[in-house]
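Peer 1: model the structure of this input:
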Amino acid sequence: MTELIVIALASLLAGFVDAVVGGGGLVLVPALFGVFPAAAPATLFGTNKGGAIWGTALAALQYARRVTLPWHALLPAFAAALLGSFAGAWTVTLVPADGLRLALPFILLLVLIYTLAKKDMGREHAPRLSGATEIWVASAIGLLIGFYDGFFGPGTGSFFVFLFVRFLGFDFLHASASAKILNTATNFAALVLFASKGHVWWHIAAVMAVANVLGSLVGTRMALKHGAGFVRGAFIIVVSALILKTAWDGFVR
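Peer 2: Sure, this is the predicted structure:
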C-alpha cells in the first residue's frame, strides 16, 4: 500500500508537469525505479506508459476544446509521430542508445540557451507557415521526435514544444497543446510494443492512470488560465531539470 501511495503521488505530479509543458517522465520514471529497484527496466518503462498515456490524452482533449489548433497539419503529424515511434522502438532493439544518452544533456542545454536568449520567443502566437508547407514541417517534427521517443524518450514533450515554437511560430500555449496531440501518438505506440512483450503491470498502471488524470486536469487548467508566459516559465524549469537528470544518468551514475 505504501508503494502504491508513493507511485500515485509521483503520477499526480507527473500528470501536472506533463499537461503544462511535457517532461512528466522526469518525475515518474525515477519514482518507479526507486520503489521497484529489482524490476526489469522494460517493465517499469511499460508501466510508466500505461499510466501516463491517460493524462496526456486527457490534456490533449482539454486543450483541443479551448485552443484553436491547426488540425490540417496536426493529423498528418500525428500519423507521422506514430510511425516514427514504432520505427524508433524497433531500431533500439538493434542499436544501443549510449551515444544519444551522452549527447542529450548538451542538446537540451542548447535548447535552454536559445530559449533564454530569445526572450520574446513563444510569447505571441504568430504562425509563420500555412498550407502544405505547415503540414510537411509539422509531419517532419512528428516523425523525428516520434522516432526519438521510441528510441530513447526523455524530454519528448519538451522537444515537441520547442520545435513547434521555433519552426512553426506558435506561442508556448499552442505549442504545448499541439505537443500533447503528438505525444499521445508516441505514447500509444510505445505502450503497444511494451504490452505485446508483457512489460506492463496493469494493476500498478491503473492506479497511476487515475492520479495522472487528476494531475493533468489541474495542469491543463493552470496553463489555459495563465497562458503562454506561464508555460514558457514551466518549460525553462523542466528543461533545466532534464539537463541535470540526463547529465547525471549519462556521466555520473
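
Peer 1: quick one, phi psi at His125?
Peer 2: Dihedral pair for His125: phi -90, psi 110, per degrees, to the nearest 10.

Peer 1: actually, Lys197.
Peer 2: When read as degrees, to the nearest 10, the backbone of Lys197 gives phi -100, psi 0.

Peer 1: where do the helices sit along the stretch 101-250 of the chain?
Peer 2: 131-151, 156-168, 172-196, 202-247 (DSSP state H, counting those that start in this stretch).

Peer 1: helices or strands up against the longest one?
Peer 2: In this case it means helix 202-247. helix 2-20, helix 25-35, helix 41-66, helix 98-117, helix 156-168, helix 172-196 (3 or more C-beta pairs under 8 Å, 6 or more residues apart in numbering; DSSP states H and E). To be clear about C-beta, it is placed using only N, CA and C from the backbone, and glycine gets the same treatment.

Peer 1: now the first one
Peer 2: Secondary-structure packing of helix 131-151 (3+ C-beta pairs under 8 Å, 6+ apart): helix 71-91, helix 156-168, helix 172-196.

Peer 1: could you dump those to CSV with distance to Leu100?
Peer 2: As requested, the helices and strands packed on helix 131-151 are arranged in CSV below (distance: least, C-beta to C-beta, whole Å):
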stretch, distance to Leu100
helix 71-91, 11
helix 156-168, 12
helix 172-196, 16
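
Peer 1: which of these sits closest to Ile135?
Peer 2: Ile135 sits nearest to helix 71-91 of all those, at 4.7 Å, using C-beta to C-beta.

Peer 1: contacts for the closest one, please.
Peer 2: 134-135, 137-152, 178, 181-186, 188-190, 193 (C-beta atoms under 8 Å, 6 or more residues apart in numbering).

Peer 1: Asn48 contacts Leu28, correct?
Peer 2: Yes - shown here, Asn48 and Leu28 form a contact pair, counting by C-beta atoms under 8 Å, at 5.6 Å.

Peer 1: overlap of the contact sets of the two?
Peer 2: Met208.

Peer 1: neighbour count: those two, which is higher?
Peer 2: Taking other C-beta atoms under 10 Å, Asn48 and Leu28 do not tie; Asn48 has more neighbours (30 against 27).

Peer 1: could you give the number of residues near the closest residue to Arg128 other than its chain neighbours?
Peer 2: Nearest non-adjacent residue to Arg128, counting by C-beta to C-beta, 6 or more residues apart in numbering: Gly169, 3.7 Å away. Neighbour count of Gly169, defined by other C-beta under 10 Å: 18.

Peer 1: for Leu214, see how far away Gly169 is.
Peer 2: Gly169 sits 33 Å away from Leu214, going by C-beta to C-beta, to the nearest Å.

Peer 1: ok, now Gly198?
Peer 2: For Gly198, the distance to Leu214 (C-beta to C-beta) stands at 28 Å.

Peer 1: and the two? which has more neighbours close in?
Peer 2: Remark: of Gly198 and Leu214, Leu214 carries more neighbours, 17 against 9, as counted by other C-beta under 10 Å.

Peer 1: not counting residues beside it along the chain, what's closest to that one?
Peer 2: Nearest to Leu214 is Leu12, by C-beta to C-beta, 6+ apart, at 5.9 Å.

Peer 1: got a list of what the one you found touches?
Peer 2: Leu12 neighbours (C-beta under 8 Å, 6+ apart): 211-212, 214-215.

Peer 1: highest neighbour count among those residues?
Peer 2: Using other C-beta under 10 Å as the neighbour test, the contacts of Leu12 are led by Asn212, with 33 neighbours.

Peer 1: that one contacts Trp54, correct?
Peer 2: Yes - contact criterion C-beta under 8 Å: Asn212 and Trp54 qualify, at 5.8 Å.

Peer 1: mind checking how far the residue nearest to Leu214 is from Val21?
Peer 2: Distance from Leu12 to Val21, by C-beta to C-beta: 16 Å.

Peer 1: and the two most separated of the contacts of Leu12?
Peer 2: Within those, Asn212 and Leu214 form the most distant pair, 7.3 Å apart (C-beta to C-beta).
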